[in-house]
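1. Okay, sequence plus prediction incoming.
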Protein chains: 6
Amino acid sequence: MLLQHQTWQEVESYLMRSTGIIMPIGSTEQHGPNGLIGTDAICAEAIARGVGEAADAMVGPTIGVGMAVHHMGFAGSMTLRPSTLMAIMRDYVLSLARHGFRRFFFINGHGGNIATCSAAFYEIYAEWEGAIGTRRAEGDDLRCRLANWWDGKAMGALSKEVFGDDEGSHATASEVSVTQFLLPETIKQAQIDPPRAPGGRFHGPADYRRRFPDGRIGSNPGLASPEKGRRFYETSVPELAKTYTAFLEEKV
Amino acid sequence: MLLQHQTWQEVESYLMRSTGIIMPIGSTEQHGPNGLIGTDAICAEAIARGVGEAADAMVGPTIGVGMAVHHMGFAGSMTLRPSTLMAIMRDYVLSLARHGFRRFFFINGHGGNIATCSAAFYEIYAEWEGAIGTRRAEGDDLRCRLANWWDGKAMGALSKEVFGDDEGSHATASEVSVTQFLLPETIKQAQIDPPRAPGGRFHGPADYRRRFPDGRIGSNPGLASPEKGRRFYETSVPELAKTYTAFLEEKV
Amino acid sequence: MLLQHQTWQEVESYLMRSTGIIMPIGSTEQHGPNGLIGTDAICAEAIARGVGEAADAMVGPTIGVGMAVHHMGFAGSMTLRPSTLMAIMRDYVLSLARHGFRRFFFINGHGGNIATCSAAFYEIYAEWEGAIGTRRAEGDDLRCRLANWWDGKAMGALSKEVFGDDEGSHATASEVSVTQFLLPETIKQAQIDPPRAPGGRFHGPADYRRRFPDGRIGSNPGLASPEKGRRFYETSVPELAKTYTAFLEEKV
Amino acid sequence: MLLQHQTWQEVESYLMRSTGIIMPIGSTEQHGPNGLIGTDAICAEAIARGVGEAADAMVGPTIGVGMAVHHMGFAGSMTLRPSTLMAIMRDYVLSLARHGFRRFFFINGHGGNIATCSAAFYEIYAEWEGAIGTRRAEGDDLRCRLANWWDGKAMGALSKEVFGDDEGSHATASEVSVTQFLLPETIKQAQIDPPRAPGGRFHGPADYRRRFPDGRIGSNPGLASPEKGRRFYETSVPELAKTYTAFLEEKV
Amino acid sequence: MLLQHQTWQEVESYLMRSTGIIMPIGSTEQHGPNGLIGTDAICAEAIARGVGEAADAMVGPTIGVGMAVHHMGFAGSMTLRPSTLMAIMRDYVLSLARHGFRRFFFINGHGGNIATCSAAFYEIYAEWEGAIGTRRAEGDDLRCRLANWWDGKAMGALSKEVFGDDEGSHATASEVSVTQFLLPETIKQAQIDPPRAPGGRFHGPADYRRRFPDGRIGSNPGLASPEKGRRFYETSVPELAKTYTAFLEEKV
Amino acid sequence: MLLQHQTWQEVESYLMRSTGIIMPIGSTEQHGPNGLIGTDAICAEAIARGVGEAADAMVGPTIGVGMAVHHMGFAGSMTLRPSTLMAIMRDYVLSLARHGFRRFFFINGHGGNIATCSAAFYEIYAEWEGAIGTRRAEGDDLRCRLANWWDGKAMGALSKEVFGDDEGSHATASEVSVTQFLLPETIKQAQIDPPRAPGGRFHGPADYRRRFPDGRIGSNPGLASPEKGRRFYETSVPELAKTYTAFLEEKV
């Protein structure tokens, strides 16, 4: 159930039975020699839609560009400054809160978004609950949660089984597989050399490019396939749907 | 050619032959009793993709939520503050400018975005050309242009022919038709009463809701049909492709 | 009745009978070889004062510097970033709203301000009506309106009659005339060559200067005269006074 | 020589011989029972123009609304947040710096502006000289200076002579006199009771109103007259003209 | 070697041999019934000083208030909005970068700071390397790193050995011990009931207080002692000194 | 009584008997050849603690970095932009106001902070009292006050007696003495040449360094001694304690 495919009266009806909404957030950044620049947005959006169906939940519009400063050394990468991303998330959440939404479940496709999303949640709570300053508290019932589609026990096990140490941490074998499953027409033929990219930490964008010359970190996306992508997709969706439902039912 | 479907090496190649990019911008806001909340984002994105194909141009990620403060009286509407939208547009344009893009052709699906986009363009020019402050000018070759998909001579004529005075100015018969053409599975059965909505000006969100109780302004979207939507789509795409090409070729 | 010429007790009395106020907004930017840098501020202020007398309305202080990024290639031009202008307009409107003013009628002297003013109005409505975030709505009765002094039917007809195609769109024959009428001691002798400046669109400040080397767009201000200025002034004031009164009386 | 009364070519000529400019800054706030709301803007502007003539210097547009948060308990008072005023001053100074102006002499009409102006100067220096962050230094030759029109030795002596302890510190006898001299048609008949207002410190706007019920602090503006105003005006102008000239000639 | 205890000439000398600096960052927030509000600032500062001595490195001033929105339900807790903390970190880092510092090693005392610090680092990299916008890159050699004093292998082992499951995750037994070691005169006698606090996740400040009524999460700080604190302190310092040195020596 | 050394329950108790808090604010900037970079923070913190004891008042965490843009030409100096410092002060004051603190007594160690602090107070009052915009007033009882430790009648007399014209205005003989008294282990042997530094005004950081090559203004800190420092400390503390108490008792 996509918010963008409803009328406003249909949203009014939905709010009678639920205050939860799923918000996909991705990124638009290089994903190595055979990964799509939109990988993180594509995966987050598709999995969010799957979760929305599985959990009979509303799915909001995708935040397609995220915090990808460190990828800016590669053509086509886009980024928001962390402060801009925080402003967007505030406006998204508080727009919907005006209508009665109270549980915001962000399905995230990009590790680089995690810290900024967490900061954004506290900026939102500070405003909503009147924790600093003179803005009046609206109550204390607004909750945000971030869930990465690749997290969860079953996902970890699947990754280990299918790719082992070739999974890596950027332009991973699994995320490239998921996009190949979702968009088989975009599968790229590209040389992946060395098969497994070097791993390690990094600092700013220039440092990143120096350490990881083709953009990958620790992964061998040459092992990706649509069929493997299907397995990841089909494992992630029900696991996240369960997490979403638990989030809605959380007491206290 | 979607930016999100390319690898970074493919973007590097594209930049050898063109510095132009098409950027869809829409909105997520009520569109009356039978219009989708995502109408403006859906139309802008689909038409931008069509123009991208027609003009062999790169198409960037869609800005799916726009400036819709005046629609906030209706459930499901989302908005960015104008200042947030300006920050996003700056980060989008200047991220891509880092890689060499210089002609930004925004295809817009929402009248309410026009003013803020124009303000954003000047905020960007001020920074890029060093017009105020100490930021060094990068040159003077960066250009932004906003084109509404419903503008253009042929589009005006088509609207007049197909809907006459029933076109209206919000939740228009033509935009509802375009979404019905693009997403026939989302066609809504809803009572449209009165057939043609009242017209007129408005101020803030509460004033808007009072004047236009079901969200429409001056339109009769009961006349919408997928087939009519196809005609609007097919008229808009080539007209905008021509405008885009002229924008790239513009001298001086 | 200038706000700056009242005591605070006199403003208290005024608020008993009206919540309307006229706010002049201009710009400080080049106006071609014989136009004053202050043209837009001077015209907006003088006409606003005329309207204030005609409609027995309070007139606030003039915003003398506007959004003129595109004029920054010419000496003496000043500009605010759009974001700064939005901050000013918010503080002006909401300062006065604290005392009970509710109808803000901006008389504008500069086309370049229009988009930013519109964005500012929505930023103000969003805050005042609590449309996003946790700020409590103050009600829904605050209204802003922008009226350009050169708009209106009678003004269009007069321009066509007096200058025809020589009116132009920047450093127009009519605005130069109005300043000559208001400030005859500042009339400049300058070569206007070619008589009618080239027209067309433009992008950033460097592009503007390249296309319009003496600053004018499409105009022949060599035809300006104080007497013609008087006619424009005397046509604009009553037309705007009527618009202002209608704005105050607007129902719904 | 008013910037707003020049053409851009005339400003170009001026910059050949001087990089100095006088910038009037006032306020729009209550000034007691017989003082004008615009007192600070009116005095600063008139005296700045006088100084401009005396020193053959360019005079920029007046900042008519200043930092007057503490006066917001009285109808008609307007204020900018300190942060907004800082943004304006930055845009004003750096717009003009682009054209070559380097000495900014602010003539101030309002004590409440002093702190914010000082903060703004450092914000500007930090940016212009690249003291923090990555903005490149433009050089170190940009200088801002604030001069209150009522300061200076001769002014102090005159105040003591004419009003003694009745001068006060807000809605002063001398500033009311200056506006009466400049705008005799606005002289108000109002009861001033008690003749001399109470003095003392204050905190926020409500506290201010409680302590100073008619808005004055320590003054008896019932003693004001146009003739006294003339003396203050004529003492201030040459004293400030000398300070301005010294500022331009300052070595090191 | 504390920056605040040097003269500027001594800092100049230091910069000849090192571009590294240690920056303590803590928080000022409730730490349960017997924990000090300043626990996180006190620990971070003391350990940073120890590391500074061990590694012969400069130690900057402590950021004493951090991101503690979720603790605002308890008296005395202070917080910065995430956006304010990001602004501070930018100004700190880029001030010092102006003088030649290039390796910023933040020793952190508060889990709630981690996300915002990470966001701040990318905001800094984006500016320093010119990744977005027109700010010129200063090079790519500026690096920031955050190290929590309780992290590290030896620290984990020590915590497990000394406190096992009673360590907890807020107002931990180990951090209370460290403050008791550092400031024995502040040791509090307080009832800790139940001995081990409940654990779990939380959302905003009101939710936090409801779930954790005395402020602790999962810990039993009744087990704290100065002697245990000494062990934690003496384990943390050399481990972090090694990490700092490795950070300075990092190649690529 | 340091806030950081209390538990949250102890703060709750304190708030039963007082709503006052002392907030030290300093700076981290060059202080000439024998002055510590942390002079202003060290003095403000130590004196604030003394005042806290003398007046039985809570003392908050020190703001250790202030507004020192003009000192940025000297190694080791740090600064906040004025706008960042204003954001910090707002978050500090309004965090504590949430718990019931209402009287904020800032003890200041740096002249360069004064203007920004004053601007910050008005930004806070504007928000707290709802003077502009739609934020609801919280009441009008929140008060901020800045007291420089070197001000006060007894302090002026002591300075004149001990140092006469050698006191100066930056890196003063008295502040260097106070740090020598507080931290005798940090006393520096440095050549002070000339004994008394040149005096005068300055503009931006480069101008400052040119005029005052070793950083001092008008002072001879070669005359400093720990014993003299003790006298300044012991004179300042009781004088400020009296001012603090009067601030709390202030009526109206």
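-> Yep, that arrived.
2. what about the strands in chain A?
-> Listed from the start of the chain, chain A has strands (DSSP state E) covering A:20-25, A:58-59, A:103-108, A:143-148.
3. Need the residues that contact the second one.
-> Applying Cβ atoms under 8 Å, 6 or more residues apart in numbering or on different chains, the external contacts of strand A:58-59 come out as A:1-3, A:6, A:11, A:14, A:18, A:20-24, A:48-49, A:51-52. No exception for glycine: its C-beta is placed from N, CA and C like everyone else's.
4. quick one: the residue minimising distance to the centre of chain A from residue A:67, how far?
-> Of all residues in chain A, the one closest to the mean position by Cα atoms, centre = their mean is residue A:108, 1.6 Å from it. Between residue A:108 and residue A:67 the distance is 11 Å, computed by Cβ to Cβ, to the nearest Å.
5. Would you mind giving me the confidence score for residue A:141?
-> According to the predicted model, the pLDDT of residue A:141 comes to 85.
6. Just give the closest residue to it, not the sequence neighbours.
-> Distance criterion Cβ to Cβ, 6 or more residues apart in numbering or on different chains; nearest residue to residue A:141, sequence neighbours excluded, is residue A:102 at 5.3 Å.
7. What residues does that neighbour make contact with?
-> By Cβ under 8 Å, 6+ apart, the residues touching residue A:102 are A:19-20, A:141-143.
8. The residue nearest to residue A:11 when sequence neighbours are not counted - how many residues pack around it?
-> Distance criterion Cβ to Cβ, 6+ apart; nearest residue to residue A:11, sequence neighbours excluded, is residue B:76 at 3.3 Å. Applying the criterion other Cβ atoms under 10 Å in any protein chain shown, we find 29 residues in the vicinity of residue B:76.
9. Enumerate every residue touching residue B:76.
-> Here residue B:76 is in contact with A:3, A:6, A:8, A:10-12, A:99, B:28, B:30, B:37 (criterion: Cβ under 8 Å, 6+ apart).
10. ok, now which ones touch the residue lying closest to residue A:202 once chain neighbours are set aside?
-> In space, and not counting its chain neighbours, residue A:202 is closest to residue A:208: 4.5 Å by Cβ to Cβ, 6+ apart. Shown here is residue A:208, whose contacts under the criterion Cβ under 8 Å, 6+ apart are A:70-71, A:73, A:202.
11. a markdown table for the contacts of residue B:76, including neighbour count and distance to residue D:41?
-> Converted to a markdown table, the contacts of residue B:76 look like this (neighbours: other Cβ atoms under 10 Å in any protein chain shown; distance: Cβ to Cβ, whole Å):
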| residue | neighbour count | distance to residue D:41 |
| --- | --- | --- |
| A:3 | 25 | 49 |
| A:6 | 22 | 52 |
| A:8 | 23 | 47 |
| A:10 | 19 | 54 |
| A:11 | 23 | 49 |
| A:12 | 15 | 50 |
| A:99 | 20 | 44 |
| B:28 | 29 | 44 |
| B:30 | 30 | 44 |
| B:37 | 29 | 48 |
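12. For chain A, which segments count as helices?
-> Using DSSP state H, the helices assigned to chain A run over residues A:8-17, A:39-54, A:82-99, A:114-128, A:153-162, A:173-182, A:205-211, A:226-249.
13. what residues does the fifth one touch?
-> When you say that, I think you mean helix A:153-162. The set of residues external to helix A:153-162 that reach it, using Cβ under 8 Å, 6+ apart, is A:149-150, A:167, A:173-174, A:228, A:231-232, A:235-236, A:239.
14. Swap in 7 Å and give it another go.
-> Residues external to helix A:153-162 that are found in contact with it (Cβ atoms under 7 Å, 6 or more residues apart in numbering or on different chains): A:167, A:174, A:228, A:231-232, A:235-236, A:239.
15. likewise the last one?
-> Residues outside helix A:226-249 that contact it (Cβ under 7 Å, 6+ apart): A:20, A:22, A:47, A:50-51, A:54-55, A:57, A:103, A:105, A:107, A:145, A:147, A:149, A:152, A:154-155, A:158, A:162, A:174, A:177-182, A:184.
16. buried subset of those?
-> A:20, A:22, A:47, A:50-51, A:54-55, A:57, A:103, A:105, A:107, A:145, A:147, A:149, A:152, A:155, A:158, A:162, A:174, A:177-182 (16 or more other Cβ atoms under 10 Å in any protein chain shown).
17. Get me the contact residues on chain A for chain E.
-> Residues of chain A that fall close to chain E, judged by Cβ under 7 Å from any Cβ of the partner chain: A:67, A:69, A:72, A:79, A:81-83, A:86, A:115-116, A:118-119, A:122-123, A:125-126, A:128-129, A:131-132, A:140, A:142-143, A:203-207, A:210-211, A:252.
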